[in-house]
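Chemist: Predicted model follows, preceded by the sequence.
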Amino acid sequence: MNSDIVLRTQGLSKRFGRRFVINDLNLEVYRGDVFGFLGPNAAGKSITIRMLLGLVKPTSGEIELFGHSLQKSPKKALAKIGGIVEKPDFYLYLSARRNLEILGALSGGVNKEKNAQVLALVGLTDRAKDKVKTFSHGMKQRLGIAQALLSDPDLVVFDEPTSGLDPQGMKEVRELIVRLSQEQGITVFLSSHLLHEIEQVATRMAIINRGELMVQGDVKKLLGGLEDAVLLRVAPLERAADLLRKQTWISSISVNGDSLKVTLPHSLVPRMNALLVENRIEVSAMVPRRLLEDYFLSITGEA
Amino acid sequence: MGLKMLKLIHIENIKTFGKWRTGIGFAAIGVLLPLIMIAMGLDMRHGPAALAERTVRGLREDFLVVGSIFNGFSAAYIVMNSLWVHIPFLIALVAGDQVAGEGAAGTFRITLIRPVSRTQVITAKLATTFLYTVFLILFLALLSLGFGIAFFGRGDFLVPRPKEILVLLEAETWLRFGLAYLLAIWAMWTVASLALFLSTLAENSLGPVIGTMAIVIASLIISKMPFELFKMIRPFLFTTYMDGWLKAFQDPVPWQHIATSTLYLGIYTLSFFLLSLLVFNRKDILS
Amino acid sequence: MKQHCYWATVCILALFALGVNANFGFGEDSRLSAKDILKRVQESFEEIEDYTVTLDETIKMEGVKVPKREAKLYYKKPNKVHIESKDIAFIPRGGIVINPSYYLKEHFKPLGVEDEILEGVNTYKLTLTSKEASLGEKAVLWVESKHWSPKKMEITGWEGGTVLVQMEHAMVEGKYWLPKSTLVELNIPPRTPKRRIFESADDFDARKERLSGRPRKGTVSISFRDYKVNTGLSDEIFERKNDHSGNR
């Protein structure tokens, strides 16, 4: 096995009764990836993550983590993994610190300094002694991230990590994910239905639908050939429209009230911006249509 | 491996004894027992004092009965009847919550993703439940004997038996009570093991508690009814062997019967635990 | 010659009369009635105003397992009895005949008397009938003729069975003849209810099974020690709990 592959599934399937909720799923996650795992509701994302973390037994297929089979050597496979599955639930009647002590002990032993470190990382140092039942949803989410990082994992699995957070919280989590990946070299497996989040942080991704893998690969490669639609608020509007119509690298242009809707390759958006500025056209707003959203909808057939 | 197991048990102890529901049993005993003792003392015409009187009534025709036929040991003996239903309920309350409670609370999603085997987890839960059982029975023993002797004194013990007059010397009575409570703990471990097994099957703790009590009560009813069909079933019910604590007060002590009962209860306990292992290891954590 | 024969006849007759009237012990006593004997038993007990004694009791009985027991018995003339024990004790009612004469006079009627040698001791064997049905139908009492103390008593018809009491006495404080040991043998069948009028056989069987008692069969042996006689016991003692007042 390629030592750069930290997570691999082969023929992974899960059946409940007669229904296959996951069918022949083959995933590969490389070291250093921020791997986006996408799918519409009931696609099987959560079940897949539960299987990857040993919470659900596959009906068939193999899961390998860091070269160890999860089915045959679960302790070795899970030794360097942290995760959050849906919303993190803790022992509400115990303090945050006590919860982390318990979880650290289950991970083979984590010292007090590490506990303090992860609490500081998520900004919960002041609340360490408080019972978790007094925490807000956002605080529990942050504590969830803290427990995922407790054992210095090489792979972290996040299932909807920004669920329930306010915009500031979401931003912080996104930045944390990037930091984990870029600064600490941690591989991140990230499932979210917020496509713009994935688009901002993911390096590789897979899309599943109805339990089956639709596409898997490098984000840039998958999205690179796509065109982007951009909404422009410019002045003077007509002059800008005339100018852009003359450009052969712009696919289409239409006037949309007081803005222009322009379709062009994603990589040429900066060029368009430069052209408008050079011709003294004021650009007050440039709002791109989400590229990944279009791609996702086209893949899942729900466009 | 042993050290890790001890650590896991320690963790389960923190989780279990940190919950308020674990304190229910101790609170119930702590409040009710003194009340029961006071009630016994206020109304000697009924309850255990009357039971002691009934025991010797047949002899009064021919004998003068001198000395106290009812004392703290008599009161503690009567309290031991709570081992049939009340104490099993308090044990099921905690044991039934061990797996189902965590499932409902969602905490398995952060614990079972750790590099720890489910076998170790369920074994630690069983050990903690057993420890709770020991504490509960010892608490019952301490309070029933303590309050009993404080209210009614001590001395020789007239064992309330329908067809026999048996008086045990005080020194021997202490030993018999010790044996009785040990056998009670062993019997209650079977109840705990059953409740833990039912807990692995359920998604919330109410089901295992009710299920355990339904099985215990139904089995006790079958044990008492004199129908031929029930007599055939009786040897297969674990409640049939739960009377070891009563046997501790017979003379001579029926060691053979106690050994057999202990063995059968041990088999039931182990069987329930093995079933728990099987179910828990295969269980999909979907909550 | 005629005068010589006359005086010889008078001497023989006088000797004969003397011989008949002489008190030669057992021979004259055999003329005592049962009442007389009971009176002598009473007289032998008259000197005792009160006493305390320690009892050591062993019960060997079917369905009764009781350790060896020690109890303290207080007696005050004519019929006050109080027994105390630190622990539970079962004292046979028939086994502590405290003031035998009082007991016998109150509850039994003498029928007849005959002589008997019992274990090498001369005794009078009195046949008594009980005044109350609950005390049995008949009693036989052996009284030894030296100290006029009961040596053995057998009650038949006590709840359908028999009670046998054997007593040994000894001299206490040099002057009082008091029990040293008692052996009570009980042989009483299990109590069964009587069939009621219009009661069916099935119902009677069910009721019999429910209500039948245990047989009372076995022995109770009591030894008496550490007597303290005529110490002037106060009546207060006999009003304490764990008490049995009434001489039975």
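Modeler: Received it, and whenever you're ready, just let me know what you need.

Chemist: burial measure for the one residue in the stretch 151-287 of chain B that gets nearest to chain A, as a count.
Modeler: Chain A sits closest to B:I285 of the stretch 151-287 of chain B, with a gap of 3.9 Å, by Cβ to the nearest Cβ. Yep, even glycine has a C-beta here, placed from its N, CA and C like the rest. Close neighbours of B:I285, defined as other Cβ atoms under 10 Å in any protein chain shown, add up to 20.

Chemist: How about A:G108?
Modeler: Counted with other Cβ under 10 Å, A:G108 comes out at 14.

Chemist: need the contact list for it.
Modeler: For A:G108, the contact set (Cβ atoms under 8 Å, 6 or more residues apart in numbering or on different chains) comprises A:A79, A:S151, B:P115.

Chemist: my hunch is that it is in a strand, does that hold up?
Modeler: No: applying DSSP: H, G, I helix; E, B strand; the rest coil, one finds A:G108 to be coil, outside a strand.

Chemist: Got the confidence number for it?
Modeler: Listed pLDDT for A:G108 reads 84.

Chemist: What separation is there between it and A:H68?
Modeler: Plainly put, A:G108 is 15 Å away from A:H68 if you go by Cβ to Cβ, to the nearest Å.

Chemist: With A:I145 instead?
Modeler: Counting by Cβ to Cβ, the gap from A:I145 to A:H68 is 25 Å.

Chemist: Between those two, which has more neighbouring residues?
Modeler: A:I145 (23 against 17).

Chemist: For that one, which non-adjacent residue is spatially closest?
Modeler: A:V122 (5.4 Å; Cβ to Cβ, 6 or more residues apart in numbering or on different chains).

Chemist: ditto for C:V143
Modeler: That would be C:Y124: by Cβ to Cβ, 6+ apart, it lies 4.9 Å from C:V143.

Chemist: which residues in chain C form helices?
Modeler: C:2-21, C:26-29, C:34-45, C:100-107, C:201-211 (DSSP state H).

Chemist: returning to what we had before: part of a strand, is the residue of the stretch 151-287 of chain B closest to chain A?
Modeler: No: under three-state DSSP, B:I285 sits outside any strand and is assigned coil.

Chemist: separation between it and A:S69?
Modeler: Applying Cβ to Cβ to B:I285 and A:S69 gives a distance of 19 Å.

Chemist: give me phi/psi at A:F158?
Modeler: Backbone torsions of A:F158, given as degrees, to the nearest 10, read phi -110, psi 130.

Chemist: Go ahead and confirm B:L179 touches B:A248.
Modeler: Yes: with contact defined as Cβ atoms under 8 Å, B:L179 reaches B:A248; the gap is 4.3 Å.

Chemist: okay, these two: which has more neighbours?
Modeler: Between B:L179 and B:A248, counted using other Cβ under 10 Å, B:A248 has the larger neighbour count: 21 against 17.

Chemist: contacting residues for that one?
Modeler: B:R176, B:F177, B:L179, B:A180, B:L183, B:I258.

Chemist: JSON lines for the residues you listed, including pLDDT, distance to chain C and secondary structure?
Modeler: As requested, these are exported to JSON lines (pLDDT from 0 to 100; distance: Cβ to the nearest Cβ, whole Å; DSSP: H, G, I helix; E, B strand; the rest coil):
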{"residue": "B:R176", "pLDDT": "97", "distance to chain C": "13", "secondary structure": "helix"}
{"residue": "B:F177", "pLDDT": "97", "distance to chain C": "17", "secondary structure": "helix"}
{"residue": "B:L179", "pLDDT": "97", "distance to chain C": "17", "secondary structure": "helix"}
{"residue": "B:A180", "pLDDT": "97", "distance to chain C": "18", "secondary structure": "helix"}
{"residue": "B:L183", "pLDDT": "97", "distance to chain C": "21", "secondary structure": "helix"}
{"residue": "B:I258", "pLDDT": "96", "distance to chain C": "18", "secondary structure": "helix"}
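
Chemist: which parts of the stretch 1-150 of chain B sit against chain C?
Modeler: Neighbours of chain C within the stretch 1-150 of chain B, by Cβ under 8 Å from any Cβ of the partner chain: B:V56, B:G58, B:L59, B:E61, B:D62, B:F63, B:L64, B:V65, B:V66, B:G67, B:S68, B:I69.

Chemist: Return the member of the helices of chain C having the minimum mean pLDDT.
Modeler: helix C:2-21 (a mean of 43).

Chemist: Which secondary structure elements does the lengthiest strand in chain A sit against?
Modeler: Ranked by residue count, the top strand of chain A under DSSP state E comes out as strand A:5-16. Counting contacts by 3 or more Cβ pairs under 8 Å, 6 or more residues apart in numbering or on different chains; DSSP states H and E, strand A:5-16 packs against strand A:19-25, strand A:28-30, helix A:45-52, strand A:60-65, strand A:187-191.

Chemist: Looking at these, spot the one closest to B:V253.
Modeler: Closest to B:V253 of the helices and strands packed on strand A:5-16, according to Cβ to Cβ: helix A:45-52, at 54.0 Å.

Chemist: what's the pLDDT at residue 132?
Modeler: No chain was given, so I picked chain A. Value for A:V132, per-residue pLDDT: 95.

Chemist: My question was about chain C, not that one.
Modeler: 70.

Chemist: So what's the residue count around it?
Modeler: 9.

Chemist: Next up, the contacts around C:V140.
Modeler: Contacts of C:V140 by Cβ under 8 Å, 6+ apart are C:K125, C:L126, C:T127, C:L128, C:M153, C:E154.

Chemist: so where does B:F135 fall, helix or strand?
Modeler: Assigning secondary structure by DSSP states H and E places B:F135 in helix B:118-152.

Chemist: for B:L265, same thing?
Modeler: Going by DSSP H and E, B:L265 is in helix B:255-282.

Chemist: can you tell if that helix touches chain A?
Modeler: Yes: Helix B:255-282 lies within reach of chain A by Cβ under 8 Å from any Cβ, at B:R282.

Chemist: give the contact list for C:V184.
Modeler: Counting by Cβ under 8 Å, 6+ apart, the residues that C:V184 touches are C:P92, C:G94, C:G95, C:V163, C:L164, C:V165, C:T219, C:V220, C:S221, C:I222.

Chemist: quick one: it and C:M153, what's the gap?
Modeler: For C:V184, the distance to C:M153 - Cβ to Cβ - is 10 Å.

Chemist: repeat for B:I165
Modeler: Distance from B:I165 to C:M153, by Cβ to Cβ: 25 Å.

Chemist: got it, and A:L243?
Modeler: Distance from A:L243 to C:M153, by Cβ to Cβ: 141 Å.

Chemist: Look at the two and report which has more neighbours.
Modeler: C:M153 (24 against 18).

Chemist: Beta-bridge partners for the more buried one, please?
Modeler: C:L141, C:V165 (DSSP bridges).

Chemist: Give me the pLDDT for it.
Modeler: For C:M153, the predicted pLDDT is 88.

Chemist: Am I right that A:I63 is in contact with A:K72?
Modeler: No: contact criterion Cβ under 8 Å: A:I63 and A:K72 do not qualify, at 10.2 Å.

Chemist: Give me the more crowded residue out of the two.
Modeler: A:I63 (23 against 10).

Chemist: How about the contacts made by the nearest residue to that one once chain neighbours are set aside?
Modeler: Take A:I63 and drop its neighbours on the chain: the residue closest to it by Cβ to Cβ, 6+ apart is A:L70, 4.1 Å away. Counting by Cβ under 8 Å, 6+ apart, A:L70 touches A:L52, A:G54, A:I63, A:E64, A:A77, A:L78.

Chemist: tell me, what residue is most central in chain B?
Modeler: B:M188 (3.7 Å; Cα atoms, centre = their mean).

Chemist: Quick one: the helices in the stretch 101-250 of chain B, in order.
Modeler: Secondary structure of the stretch 101-250 of chain B (DSSP state H, counting those that start in this stretch): helices at B:108-111, B:118-152, B:170-201, B:206-224, B:228-233, B:244-247.
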